[in-house]
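Undergrad: Test case, fold it:
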Amino acid sequence: MKSTAYFTRTILTHLEQKAETNTLFAQSFANPDKDIDQCCLFILNQVQKSGCNGFHDNEIFSIAEDYYTTDNIEVGNPIHAQITVNHVVELTVEEKEEARQEAIQKAHNEAYNRAMQPKKKAKRVEMNNQPSLFDF
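TA: Sure, this is the predicted structure:
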């Protein structure tokens, strides 16, 4: 199974930050024989072996770090699993501006479409239902 892009990005971001602050880990992280997809597969197999369904971020990050720091590690077979990441998405300034522009454009289009729709004529309702003297 190929892990979700958000899961992969979350793991990769953590590992990159760790490599920036820890030169010893940076050497292991730079190993050309290891990659993030295999790391995620290793994490999934370790989680499946545990039999648990929920983990703290640090537990998953620790498994990812083990993948990079352990030589001759057995990744495991591809598995079918569903991954849920409970993180707040942090958008860049460019992504925020793009989302803002899309929202403005969508609101503009909706307002234009409402204005261009033909107005429905109200049905004329006879208000005076009392018989007139002339009706007799």
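Undergrad: what's the domain layout of this structure?
TA: Segmentation of the chain into domains, based on automatic domain parsing, reads 5-69, 89-117.
Undergrad: Just the terminal-to-terminal distance for the longest one.
TA: This points to domain 5-69. The stretch domain 5-69 measures 23 Å between its terminal residues, going by CA to CA, to the nearest Å.
Undergrad: What is the helix or strand encompassing C40 packed up against?
TA: Using DSSP states H and E, C40 sits in helix 36-50. Contact here means 3 or more CB pairs under 8 Å, 6 or more residues apart in numbering; DSSP states H and E; on that basis helix 36-50 packs against helix 5-21, helix 57-69. Yep, even glycine has a C-beta here, placed from its N, CA and C like the rest.
Undergrad: biggest helix in the chain by residues?
TA: helix 93-116 (DSSP state H).
Undergrad: Okay, buried residues for that helix please.
TA: Residues of helix 93-116 classed as buried: none (neighbour count, 16 or more other CB atoms under 10 Å).
Undergrad: ok, residues contacting that helix?
TA: For helix 93-116, contacts defined as CB atoms under 8 Å, 6 or more residues apart in numbering pick out L91.
Undergrad: any idea how far the residue nearest to N45 when sequence neighbours are not counted is from H108?
TA: Nearest residue to N45, sequence neighbours excluded (CB to CB, 6 or more residues apart in numbering): G76, at 3.2 Å. The spacing between G76 and H108, counted by CB to CB, to the nearest Å, is 51 Å.
Undergrad: ditto for Q117
TA: Remark: distance between Q117 and H108 (CB to CB) = 15 Å.
Undergrad: again with T4
TA: From T4 over to H108 the distance is 33 Å, taken as CB to CB.
Undergrad: Could you report the separation of the residue nearest to I36 when sequence neighbours are not counted from T23?
TA: Spatially, and ignoring its direct neighbours in sequence, I36 is nearest to L12 (5.1 Å; CB to CB, 6+ apart). Between L12 and T23 the computed distance is 19 Å (CB to CB).
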